[in-house]
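Novice: Give me a model of this one.
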Amino acid sequence: MKVTKETIEYVANLARLKLTEEEKEKFIRDMENIISYVDKLNELDTSEIAPTDHVIPINNVFRDDEVLDSYPKDKMLMNAPSKENGCFKVPKVVE
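Specialist: Sure, this is the predicted structure:
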């Protein structure tokens with residue numbers, strides 16, 4: 001794929017970058033190098049590779065969910081500076 005100056009200017013505009021003419025020329029070469037490398041990677045046969053395969057084995061480390069009793073509401077509210085109808089009462093923060 002050929003990268004043009006207009007393409008670089010378009011991407012720079014999207015990224016809100018102001019590039020000099022020298023920077024635009026440099027980015028044209030850089031983008032063409034990146035695209036040619038990706039094209040080279042696309043030549044590889046990946047049909048035997050699972051989409052989420054990793055070099056090292058990864059296992060799920062989550063624990064099983066267990067239903068436990070919650071802390072008693074009376075004890076939680078015991079130290080509350082202010083409470084109302086069995087709930088914490090907090091100052092209004094939205095006007």
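Novice: Sketch out the low-pLDDT regions of the chain for me.
Specialist: 53 (pLDDT under 70).
Novice: centroid residue for it?
Specialist: Taking Cα atoms, centre = their mean, the centroid of the chain lies closest to Thr52, which sits 17.2 Å from it.
Novice: Can you show me the helices along the chain?
Specialist: Here the chain has its helices, by DSSP state H, at 5-14, 21-42, 73-78.
Novice: Reformat those as a markdown table; add mean neighbour count and distance to Asn85.
Specialist: All C-beta atoms are positioned from the backbone trio N, CA, C, and that covers glycine. Below are the helices of the chain laid out as a markdown table (neighbours: other Cβ atoms under 10 Å; distance: least, Cβ to Cβ, whole Å):
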| stretch | mean neighbour count | distance to Asn85 |
| --- | --- | --- |
| helix 5-14 | 13 | 53 |
| helix 21-42 | 12 | 62 |
| helix 73-78 | 10 | 11 |
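Novice: Make JSON lines out of those helices and add distance to Val67.
Specialist: Listed next are these as JSON lines, based on distance: least, Cβ to Cβ, whole Å:
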{"stretch": "helix 5-14", "distance to Val67": "49"}
{"stretch": "helix 21-42", "distance to Val67": "48"}
{"stretch": "helix 73-78", "distance to Val67": "17"}
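Novice: and of the ones you listed, who's closest to Phe88?
Specialist: Closest to Phe88 of these is helix 73-78 (Cβ to Cβ; 7.1 Å).
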